[in-house]
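In: Got a predicted structure here, sequence first:
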Amino acid sequence: MSKGIDIVVIGSGFGGSVCAARLAEAGFPVTLLERGPWRDTVPVRSMGIASRSAFPRGWQLPTRLLRAVGANWFPGSRVRLNKHGLFELFFAKGATIACSSNVGGGSHVYSAVNVRPLAQQFWEGHNAAISDHVMSGHYDAVLERMGSVTPMADHRIPNTSAARYKDNPVLEAAAPPPDPRLGYLLPEDPDNPTKITDENGIERFEVDYRGNDDGFLGSPKGGKTTLDTVYLAPALKRGLQVRDMAEVTAIVRLGSAPDSRYRIEYIDHHGGGKSSITASHVILAAGTMNTLRILLHSRDVIGGLTGMPQLGKRFGTNGDYFGIWDYNDPKVDHSIGLPTTGGVRPRGDDTAPMIGGGGLPSVDSYPLPKALRERLKRAAFIAGLGEDELCGEVRLRGGKLHIEYDPARSSIFERIRTTFEKMAAATGRKIYAPKTPVTVHPLGGACLGNSIEDGVVGADGQVFDNPGLYVADAAALPRSPGGPPSMTIAAWSDHLATEFIARHRHQVPRS
Ligand SMILES: Cc1cc2nc3c(=O)[nH]c(=O)nc-3n(C[C@H](O)[C@H](O)[C@H](O)COP(=O)(O)OP(=O)(O)OC[C@H]3O[C@@H](n4cnc5c(N)ncnc54)[C@H](O)[C@@H]3O)c2cc1C
């Protein structure tokens, strides 16, 4: 066991990649463990990564779409279908939850809407050392590194809500959130999207508005800005070690002294079987569901961690409610434009919640007859979101992850459902939304708090009663942002890295 400082980061989404990159760039030895594969994209090829895994396309779409499925009622908690699969689904009481599995985490599948919290004074009142003012610079930093752009008329983005509903008598584009930004490399000339090479030597193509291949099923040419490209690639050059296909199963604290090291147990899906690594500091960022699973399993099943009385409490879904809108207007091909086309609401309805949407992703790659694919291009996904009560609880029951969430306790779902109904009635186009809301924004359960009485982590992201263990992902959020959360998670992780660097700068090994 080495005595110096060394850091293991678990998970490479917005929480994991941001702090792993920043800490490696500050000179700390950092190993990043990610259960998913490097994806086979133009940027990742240009990074010289040899072992890559394709996004689900064509005949591989059905087999590679899902990595795993879990449910409260499953005998074995969850079933792994394909270790290269893109999504993981949890069917819980009151919520169906989706997350993904890649080096780069959710940035490969997200719609790349990059915004600050819509909930006012989001960071106020959770911990005395954290405020909107403290966090503001971290949003600036992550938006800049993501190269997020403000969409303008010059970008000539086709098929936006603003254009589509301009003369619509019953619907209108919703007002954009303050400082709306997008995480895409938009084309200089939309008719000729070209390949660019950035200052780190990473190659990517500008978005092709007619390509329909930058959405939920990944962006193989790199039009969508992903974390492997903007955070991990430069950090690899500064010594960051990334182990892909490394699925962490448990964290064990090796002693009770404040400076005790940790052992991180994982499965090497490259064929190495069970393995482990030790570290002085562990930063957990496996996405809300898997961060909670690892913490609960480590504490309750194997006794590797102790305490954390608030663990699993105050779990939320950001009020997400997904549906499919069978828009079916022969004049509108939803596959054209960006994966998300902007907000929409019933005309004049100032009280409508945030509702956005876009075409179904990568439709031309579906193993279906052409006529059916063309028909699917006339349908769209539709998603409402807003602040919910963090009224859920995640725990282990008989060793299985068990999620309790009651959407009836948050008025946002009824508001979205009512708005969906109004929109369907006004347009005569059906919106199919399941009774149990689908969320892609699970959060909380290891929340920021003032003390062990009301939270799991403190202002520096450290678990109150397990020093050296941190939570950098959406599980630490103490409230729903009410809008797309990725920049809030990234800002939290950036803050955590800044605090860590300030406190441990003197321990950076000399090179
Ligand atoms: C379809 C979709 C569209 C979205 N659109 C937007 C949007 O437009 N804007 C926005 O702001 N947000 C959007 N989101 C949400 C956003 O992607 C998530 O909020 C964000 O990715 C969560 O960040 P995270 O770091 O908490 O977890 P993730 O990004 O999910 O990263 C967690 C990582 O940990 C890995 N992992 C899990 N378990 C283990 C383990 N045991 N060992 C090792 N690694 C593990 C996972 O494979 C994953 O790579 C969208 C999400 C989806 C699914």
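Out: Here it is on my side, so go on.

In: Over to residue 204. Which of the three states is it?
Out: strand (DSSP: H, G, I helix; E, B strand; the rest coil).

In: Specify the beta-bridge partners of it.
Out: Beta-bridge pairing for residue 204 (DSSP bridges): residue 196.

In: my guess is it meets residue 43, correct?
Out: Yes. Contact criterion Cβ atoms under 8 Å: residue 204 and residue 43 qualify, at 4.9 Å. Heads up, the C-betas are built off the backbone N, CA and C, glycines and all.

In: Determine how far the lengthiest helix in the chain lies from the middle of the whole chain.
Out: Across the chain, the helix with the greatest residue count (assigned by DSSP state H) is helix 486-504. A distance of 16 Å separates the centroid of the chain from that of helix 486-504, by Cα atoms, centre = their mean, to the nearest Å.

In: Show me which positions of stretch 188-203 end up buried.
Out: Neighbour counts over stretch 188-203 (16 or more other Cβ atoms under 10 Å) mark 190, 193, 198, 202, 203 as buried.

In: quick one: average confidence on it?
Out: Mean per-residue pLDDT for stretch 188-203: 96.

In: repeat for stretch 449-462
Out: Mean predicted confidence for stretch 449-462 is 98.

In: Now the residue nearest the centre of the chain. Nearest residue, chain neighbours left out?
Out: Computing the C-alpha centroid of the chain and ranking residues by Cα atoms, centre = their mean puts residue 106 first, at 3.7 Å. Counting by Cβ to Cβ, 6 or more residues apart in numbering, residue 13 is the residue found nearest to residue 106 once chain neighbours are left out, at 4.9 Å.

In: doesn't residue 108 make contact with that neighbour?
Out: No. Assessed by Cβ under 8 Å, residue 13 is found out of contact with residue 108, at 9.3 Å.

In: what about these two, which has more around it?
Out: Shown here are residue 13 and residue 108; by other Cβ atoms under 10 Å, residue 13 has more neighbours (32 against 25).

In: The ligand contacts on the protein?
Out: Contacts of the chain with the ligand, taken as Cβ under 6 Å from any ligand atom, map to 10-16, 33-36, 98-102, 105-106, 109-113, 216, 247-248, 285-288, 290, 294, 440-441, 473-474, 484-486, 489.

In: let's see 5 Å
Out: Residues of the chain found near the ligand (Cβ under 5 Å from any ligand atom) are 11, 13-15, 34-36, 99, 101, 105-106, 109-111, 113, 216, 247-248, 286-287, 290, 440, 473-474, 484-486, 489.

In: Got a PyMOL select line for the buried ones in the residues you listed?
Out: Buried subset of the residues of the chain next to the ligand, written as a PyMOL selection, criterion 16+ other Cβ under 10 Å:
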select buried, resi 11+13+14+15+34+35+36+99+101+105+106+109+110+111+113+216+247+248+286+287+290+440+473+474+484+485+486+489
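
In: Take the residues of the chain next to the ligand and keep only those in helices.
Out: 14, 15, 290, 486, 489.

In: Looking at the residues you listed, spot the one nearest residue 159.
Out: Nearest to residue 159 among those, counting by Cβ to Cβ, is residue 486 at 23.0 Å.

In: For the closest one, which non-adjacent residue is spatially closest?
Out: Using Cβ to Cβ, 6+ apart and skipping the chain neighbours, the partner closest in space to residue 486 is residue 14 (5.0 Å).

In: which residues are contacting stretch 188-201?
Out: With contact meaning Cβ atoms under 8 Å, 6 or more residues apart in numbering, stretch 188-201 is reached by 42, 46, 155-158, 185, 187, 203-209, 211, 223, 233-234, 237.

In: change it to 6 Å
Out: 156, 187, 203, 205, 206, 208, 209, 233, 234 (Cβ atoms under 6 Å, 6 or more residues apart in numbering).

In: do stretch 114-124 as well
Out: In contact with stretch 114-124 (Cβ under 6 Å, 6+ apart) are residues 130-132, 135, 139, 148, 177, 181, 183, 387, 481-484, 487-488.

In: ok, of these, which come out buried?
Out: 130, 135, 139, 148, 177, 181, 183, 387, 481-484, 487-488.

In: what's the most distant pair in those?
Out: Between any two of the buried ones among the contacts of stretch 114-124 (Cβ to Cβ), the greatest distance is 24.9 Å, for 130 and 183.

In: Worst mean pLDDT across the helices and strands of this structure, which element?
Out: strand 78-80 (a mean of 91; mean pLDDT, DSSP states H and E).

In: Please identify the buried residues of that strand?
Out: Using 16+ other Cβ under 10 Å as the test for burial, strand 78-80 gives residue 78.

In: Show residues contacting the helix or strand following that strand.
Out: Counting by DSSP states H and E, the element after strand 78-80 in chain order, helix or strand, is strand 87-92. Counting by Cβ under 6 Å, 6+ apart, strand 87-92 makes contact with 66-72, 97-100, 289, 403, all of which sit outside it.

In: Output the contacting helices and strands for the helix or strand where residue 9 lies.
Out: Taking DSSP H and E as the definition, one finds residue 9 inside strand 7-10. When contacts are defined as 3 or more Cβ pairs under 6 Å, 6 or more residues apart in numbering; DSSP states H and E, strand 7-10 packs onto helix 14-25, strand 30-33, strand 281-284.

In: Can you tell me which of the ones you listed is packed in deepest?
Out: The highest mean neighbour count among these, using mean count of other Cβ atoms under 10 Å, belongs to helix 14-25: a mean of 29.
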